[in-house]
Structures are given as C-alpha cells and as structure tokens.
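Peer 1: got a predicted structure plus its sequence, pasted below:
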Amino acid sequence: MLTKRTSPKQRGQIAPELWDDWRWQFRNRRRTPGGLGDLLGSQIAQANPLQRVLRVYRWAVTPYYLSLFDPRDEADPLRLQCIPDAREITFSAGGTEDPLEEDSHSPVPGLIRRYRDRCLVTVTNRCAVYCRHCNRKRLWHRKEFDLSDPETDAIARHIEKTPAIREVIFSGGDPLTLSDVRLERILARLRAIPHVEILRIGSRMPVVLPMRITERLCSVLRRCRPVWFLTQFNHPREITREAAEACERLLTAGIPVLNQSVLLRGVNDDCRTMQELLYGLERICVKPYYLFQCDPVQGTDHFRVEIWEGMRMMEKLWKTTSGLCLPRYVADMPGTKGKVPLQPVSFL
Ligand SMILES: *Cc1c(COP(=O)(O)O)cnc(C)c1O
Ligand code: SF4
C-alpha cells in the first residue's frame, strides 16, 4: 500500500480508487498530536493547551473532510467543527457532561428512552470525524466500543417487552462505522420485532465520509425499510458533489434523507449562510428537519449562540425562505421533557 507515507492533504496525490474507498479514508484519518501539529504548521509541545485538549477529548478527521478547507484558517467554519480548540477545556459557561440526562434514562446498556413511542440505540462510540460540538462527548472517555451480540440481544428483548416503542433510532457515535454485515445483523434483529415499525439511522457519514454510502450499504438499508436517514450538514460548503451523490444513492434506494443541523457560533449563525445551507439541502432533496440549539454540554460552550439570536434568525428565514427547506428550531430539554420548539412569535 502506498498509504502510510503519502500526505493525504493533497487529494490529487492519492489514487482515486483509494480516495474513493471509505476504508482507506477511515484508516488514513489524522488523529495524533503530531498529525495535528503538521496541519497547523506548529509543534504541539507538552505544555500546549491543545495537548491537554487531546488528553481529554479524542479527535480524528478524514482526508476527505480535511480537503474541504484550509486548516490554517482559524475562522474556517469547517475547521471549527473538527480541529481541537483550547476553549474546549478553558472556556466554560457551566455546561455539564450529560445535560439531557440520557444516562439516567437508559433501562438497558446502549438504549436511551426519553419518549414513549421511540428510543435510541448507541451502537458504538466511534465516529469518522469527532465533531468538536458533539453532545455525546462524554462517550469519548470510554475506550472504543461496538454493541456486542449479547448487548444487542438485551436491547431487543427490552423492546420486545415494550410494545409502546414503534420507532428505533440507531445512533452513537456513528453507526455506519460498523461493517455492513454487523450493521445488518443489528438492524435485522430489531426489524424482526413486529411492533417496531420504523428504523432511523443517525449518521454524519454523508458529510464527513460520503464514500461510506456504498451501493452495498444502500441495499442493506433497503432490505430493512422503512428506514429514515438523518444526517448533519452544518454549512453550505459541506454540500459537495460527493456528499450530494451519497444522498442521491440513499434516496434512490428509497431511504428518505433528513438533516439535523446544530446552530454553531462562527459556523452557521448568520442568516445568509443558513439560507445557503437550507437552499443547498433543498436542491439535493434532503429535508431540513431540525435546527438544534447547541446543548449545554461541557466542552462545547464556545459554540453556543443565544436563543434570542437563533429566534431572530429563524424569524427572518421564516419570512423569506421556502417552507420546504425550513427546519424546526428546537432546544432539547433534560430527560423526558424532550425537544421544545423555539418558535418566533413576533412575526406579524
Ligand atoms: C431526539 C431524540 C429522539 C427523536 O426525537 P424526534 O423529535 O422524534 O426526532 C429520540 N430519542 C432520543 C433519546 C432523542 O434524543
Ligand atoms: S458524528 Fe455525531 S456522534 Fe459523532 S462526533 Fe459528530 S456529532 Fe458526535
């Protein structure tokens, strides 16, 4: 393999059959302090705050996602989402590790149930790219894990005993870091439960590693339909040809694709960028579903935008933007309180 010594920075240097292979992309992610230093053009010495960040929170980024921005431009909205920032450990507005109280709403390991009719399975704590604004950063403290067969079975048995659950969401981490075979085994186990009507996949792969959406994966998902796919584009520049094609493959397989953005300071907190993102999603037939207020999660406080700012932006969008591409702006509340719409009220 020519992988190890090639700098993945320049995609032109990589043979297309490697570049387009999701496993190559995954294996060649930048994830070490040295790799971070290379990108930023500096030594990350022991005392450097970034070293301390890396000791607390993991990082990894795919060559593909890296190729979309200039790592030395500190204000780049894509860089902000994936390159560690000292503020993750130095800036706090009082966020906690698990403000949504997911851990206390977990009847069996790997299952989170905050609603009567639907529940969420954390299939793994691994992701292709570790988003700096992730609201499950607490899972990164644990070693990498995938749901084992006995754990999957325990979850399935709990759901079997709970006929009120009609929808199961596969999330993580990113469930698509599993192989197709393992993923299909988990999906099929839950699909076999008669009262489970809907499966949902939550994955950022179309954005950070679109090569992962292979025809083979699409046929797995197709066999488990109805499956809804929720992804997370946060900035219009993430809607590349590759990302659009990944979504197109899902759509062609009969899998509706929806988007959940997070409102992030410096990334998408101005009306123009947000409108470009929403129009772009509408063009590739990805329905904007939610715009999340950034949860008060420890290590993400520097991304938070005030709710009133978000409401003001939504009010402007509401007046000027097609309803087809308007997401619901919501804040997630602790425990069973769930997602609460933040509706602009003053728009008459
Ligand atoms: C967000 C979430 C859901 C899904 O909520 P929807 O409003 O249906 O998108 C389900 N379970 C958990 C734990 C959640 O956080
Ligand atoms: S892909 Fe999702 S779970 Fe993974 S780091 Fe990003 S926001 Fe968190």
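Peer 2: Structure's in. What do you need? Ligands and ions are numbered 1, 2, ... in the order given.

Peer 1: from now on I want contacts and neighbour counts done on CA atoms only, so please keep to that.
Peer 2: OK.

Peer 1: interface residues of the stretch 201-348 of the chain facing ligand 2?
Peer 2: Residues of the stretch 201-348 of the chain lying close to ligand 2 by CA under 6 Å from any ligand atom are R204.

Peer 1: secondary structure class for I169?
Peer 2: Using DSSP: H, G, I helix; E, B strand; the rest coil, the three-state assignment for I169 comes out as strand.

Peer 1: let's have the chain start at 732 instead
Peer 2: Got it, the first residue is 732 from now on, which makes the last one we talked about I900.

Peer 1: I'd say it and V927 touch.
Peer 2: No: I900 lies out of contact with V927 (CA atoms under 8 Å); the separation is 10.7 Å.

Peer 1: surely I775 is in a helix?
Peer 2: No: using three-state DSSP, the assignment for I775 is coil, not a helix.

Peer 1: separation between it and ligand 2?
Peer 2: Using CA to the nearest ligand atom, to the nearest Å, I775 is found at 23 Å from ligand 2.

Peer 1: and the pLDDT for that residue?
Peer 2: pLDDT for I775: 81.

Peer 1: OK, contacts around it?
Peer 2: 764-765, 767-768, 781-782 (CA atoms under 8 Å, 6 or more residues apart in numbering).

Peer 1: if you set the cut-off to 10 Å instead, what comes out?
Peer 2: Contact analysis of I775 by CA atoms under 10 Å, 6 or more residues apart in numbering lists 764-769, 781-782.

Peer 1: among those residues, name the buried ones.
Peer 2: 764, 767, 781-782 (16 or more other CA atoms under 10 Å).

Peer 1: re earlier: which neighbours do I900 and V927 have in common?
Peer 2: Shared contacts of I900 and V927 (CA under 10 Å, 6+ apart): R849.

Peer 1: any part of the strand or helix carrying V852 near ligand 2?
Peer 2: Assigned by DSSP states H and E, V852 falls within strand 849-853. No: Strand 849-853 does not reach ligand 2 (CA under 6 Å from any ligand atom); its nearest approach is 9.3 Å.

Peer 1: can you give me the helices in this protein?
Peer 2: Along the chain, counting by DSSP state H, helices occupy 747-750, 753-758, 764-771, 780-787, 794-797, 808-813, 818-821, 880-891, 911-922, 936-939, 946-954, 972-983, 1002-1014, 1038-1051.

Peer 1: confidence score at the residue most central in space within the chain?
Peer 2: In the chain, the C-alpha nearest the mean C-alpha coordinate belongs to R935, at 4.0 Å (CA atoms, centre = their mean). On pLDDT, R935 comes in at 98.

Peer 1: nearest residue to it other than its sequence neighbours?
Peer 2: Spatial nearest neighbour of R935, excluding adjacent residues (CA to CA, 6 or more residues apart in numbering): T962 at 5.0 Å.

Peer 1: before we move on, what about Y1010?
Peer 2: Nearest to Y1010 is C1056, by CA to CA, 6+ apart, at 6.6 Å.

Peer 1: mind checking how far the one you found is from S992?
Peer 2: Taking CA to CA, to the nearest Å as the measure, C1056 falls 12 Å from S992.

Peer 1: what do these two both touch?
Peer 2: Joint contacts of C1056 and S992 (CA under 10 Å, 6+ apart) are 1008-1009, 1019-1020.

Peer 1: tabulate these (a markdown table), appending distance to R758.
Peer 2: Converted to a markdown table, the shared contacts of C1056 and S992 look like this (distance: CA to CA, whole Å):
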| residue | distance to R758 |
| --- | --- |
| L1008 | 29 |
| L1009 | 32 |
| P1019 | 31 |
| Y1020 | 32 |
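
Peer 1: go through the helices of the chain and name the closest to T1031.
Peer 2: Closest approach to T1031 among the helices of the chain (CA to CA): helix 818-821, 6.1 Å.

Peer 1: who's in contact with R818?
Peer 2: Neighbours of R818 in contact, by CA under 10 Å, 6+ apart: 780-781, 784, 1030-1034.

Peer 1: most neighbours among those residues, which one is it?
Peer 2: Counting neighbours by other CA atoms under 10 Å, G1030 leads these with 29 neighbours.

Peer 1: neighbours of the nearest residue to that residue once chain neighbours are set aside, just the number please.
Peer 2: Distance criterion CA to CA, 6+ apart; nearest residue to G1030, sequence neighbours excluded, is E819 at 4.2 Å. By the criterion of other CA under 10 Å, E819 has 23 neighbours.

Peer 1: tell me the phi and psi of the closest residue to Y1020 other than its chain neighbours?
Peer 2: Excluding the flanking residues, the one nearest Y1020 by CA to CA, 6+ apart is P1058, at 4.7 Å. Note on P1058: its backbone torsions stand at phi -80, psi 170 [degrees, to the nearest 10].

Peer 1: quick check: P1058 vs ligand 1, distance?
Peer 2: Counting by CA to the nearest ligand atom - P1058 and ligand 1 are separated by 12 Å.

Peer 1: what sits against that residue?
Peer 2: 989-992, 1009, 1018-1023, 1045, 1048-1049.

Peer 1: on that earlier part again, so which of the contacts of I775 also contact ligand 2?
Peer 2: Of the contacts of I775, not one also sits near ligand 2 (CA under 6 Å from any ligand atom).

Peer 1: wait, which of those is closest to W755?
Peer 2: Closest to W755, out of all of the contacts of I775 and judged by CA to CA, is G766, at 16.8 Å.

Peer 1: no more questions from me, cheers.
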